[in-house]
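# Here is a sequence with its predicted model. Questions after.
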Amino acid sequence: MPDDRIIFHCDCNSFFASVELLSHPELRDKPVAVCGDPDSRHGIILAKNEAAKKFKVQTAETIYSAKRKCPDLILLPSHHDKYREYSRRVNAIYAQYTDLIEPFGIDESWLDVTHTWRLFAKSAPELADNLREQIKRETGLTISVGVSFNKVFAKLGSDYKKPDATTLITRENFKQLVWRMNVGEMLYVGKNVQQTLAGLGVKNLGQLAALDVKTAQDAMGKLGPELVKYARGDDDSAVRNVNDVPEVKSVGNGLTFKRNLIGADDIRAGIFALADEVASRLRRHALYANAVQVMIKTPEFKSISRQQQLDAPTFLAKEIGDLAYRLVCANYGLDKPIRMLTVTALNLTDGSEAQQLSFFDDAPKKANKKRESLEKSLDAIRAKYGKHSIAQANVIKNDIGLSDIETDEK
């Protein structure tokens, strides 16, 4: 690919499970899955190793379902601090070869090595092979690498053969390799899009590439032409520089509670604990929310999602929590049990937009200033003494697991 960009997509194989197995080498050839704590009702599969995949164990399925498929499945608890540390180490190795590194989740990254690969190898695939060996030698983990002339095909390449493999997709071979793939294997094609495409008679990426652009747009809006472009190999999106700060589009937090929430007291405690963390992160980014979304998961695992605009941009927990609570009351009720809640701040801005203010009533503005001062004081106390040093009474004295709320950036 002498005149093309050289893009790598590097994917850590079975990442969570592989990190855990570094501490349990005796389990390496046995079916292993990483899961949430069943006693805390986080009873789903988070990751599985290659041996477990042979039993069709799936990420996000319940432990009960996975055990039915594989009775000898060994379950290990998750350690997210370890995953973040290994992700940092792996990306630090990538940085030895280029500064154009764009993480895609905790275990995947795109690398643009167009202008650097010749410094390290005789060919781009050779560099990918060397990189796989270095990761294995220095971390004990394995990666699969897709090498191509754009990001979408590089991602398809890393998925093409696993584990611990390099796949080269070029302008000369992509029709043979890529166009036979199911459309669901391509980036941004979820189940709903896949169903829409099936209704158009499109099942593989070759059929998607041949789809009329207007037909695609009529069926899927602006996403349609983009997907056709990707299937044709015309993706020209850049790999972000490692020092670029990605735009924060939403800030959210969710929790599966130790028991079902029932009644106003439970639901308010859960919502406001989540809103408190969301608001703290907004202030840390100097961002304001213009809308709030609430996602409710029932004990039957049914999900209900609702969102609404705020009256004015805010980074205050009380205002985010109040709207989230109203959304639950209006769309679900307080008398039905809730297994999980997620509160998300949407339509984020830096607060510089002009706001229409009343000439006659400044009471809300004064109240907001007092509340802002209070919540910023809470930030300062937690920064100095720890996140659990101060909280509302109903958060401290609860049996629903509010201390388990994850406070690291998502």
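Here it is on my side, so go on.
# Please list all residues in contact with Tyr325.
267-268, 271-272 (Cβ atoms under 8 Å, 6 or more residues apart in numbering). (Glycine included, C-beta is placed from N, CA and C.)
# Just send those residues back as a markdown table, with pLDDT too.
Below are those laid out as a markdown table (pLDDT from 0 to 100):
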| residue | pLDDT |
| --- | --- |
| Ile267 | 92 |
| Arg268 | 91 |
| Ile271 | 93 |
| Phe272 | 90 |
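# Which ones among these map onto helices?
267-268, 271-272 (DSSP state H).
# Ser87 should be in a strand, yeah?
No. Ser87 sits outside any strand when classified using DSSP: H, G, I helix; E, B strand; the rest coil, being helix.
# who touches it in this structure?
Ser87 neighbours (Cβ under 8 Å, 6+ apart): 12, 15, 103, 106-107.
# Next one: it from Gly184, what distance?
26 Å (Cβ to Cβ, to the nearest Å).
# So Ala51 sits against Pro31, correct?
Yes. Ala51 lies in contact with Pro31 (Cβ atoms under 8 Å); the separation is 4.3 Å.
# So the residue nearest the centre of the chain: helix, strand or coil?
Nearest to the mean C-alpha position of the chain, by Cα atoms, centre = their mean, lies Gly105 at 5.8 Å. The three-state label given to Gly105 by three-state DSSP is coil.
# got it, and Arg240?
coil.
# per-domain residue ranges of the chain.
Per automatic domain parsing, the structural domains of the chain span 1-168, 179-245, 251-404.
# for the first one, the distance to its chain's centre please.
Read it as domain 1-168. Here domain 1-168 is found 15 Å from its chain centre; the criterion is Cα atoms, centre = their mean, to the nearest Å.
# for the protein, which spans come out with low pLDDT?
In the predicted model, the chain carries pLDDT under 70 at residues 1-2, 37-42, 245-246, 351-369, 371, 375-376, 378-410.
# again, 50 this time
352-366, 389, 407-410 (pLDDT under 50).
# got the residue ranges for the strands in it?
7-12, 32-35, 45-48, 74-77, 101-103, 108-112, 143-148, 166-168, 251-261, 289-297, 303-314, 338-346 (DSSP state E).
# right, and those strands - which one's nearest Ala210?
strand 143-148 (20.4 Å; Cβ to Cβ).
# That closest one vs strand 108-112, what angle?
Here strand 143-148 points in a direction 40 degrees away from that of strand 108-112 (axes from the mean of the first three to the mean of the last three Cα atoms, to 10 degrees).
# Give the partner strands of strand 143-148 in its sheet and their orientations.
Applying DSSP bridges to the sheet, strand 143-148 is found paired with strand 7-12 (antiparallel), strand 166-168 (parallel).
# Of those, flag the one that's most buried.
Of all these, strand 7-12 has the most neighbours on average by mean count of other Cβ atoms under 10 Å, namely a mean of 27.
# okay, that strand in CSV with CA atoms only?
Coordinates of each C-alpha in strand 7-12 appear next as CSV, following Å, rounded to 0.1, in the frame of the first residue of the first chain:
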residue,chain,number,x,y,z
ILE,A,7,-3.8,2.2,9.8
PHE,A,8,-3.5,-0.4,12.5
HIS,A,9,-6.4,-1.5,14.6
CYS,A,10,-5.0,-3.3,17.7
ASP,A,11,-7.5,-5.3,19.8
CYS,A,12,-6.5,-7.0,23.1
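# what comes into contact with it?
Under Cβ under 8 Å, 6+ apart, the answer for strand 7-12 is 18, 86-87, 90, 94, 104, 107-114, 124, 128, 131, 141-151, 153-155, 157-159, 162, 239.
# related to what we said a few turns ago, just put the strands paired with strand 143-148 in CSV and tack on distance to Asp335.
Shown next, in CSV, are these (distance: least, Cβ to Cβ, whole Å):
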stretch, distance to Asp335
strand 7-12, 45
strand 166-168, 54
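# Kindly state which of those is positioned closest to Asn347.
strand 7-12 (30.4 Å).
# Help me confirm that Ala238 comes into contact with Thr114.
No. Contact criterion Cβ under 8 Å: Ala238 and Thr114 do not qualify, at 10.8 Å.
# ok, these two, which is more surrounded?
Thr114 (17 against 12; other Cβ atoms under 10 Å).
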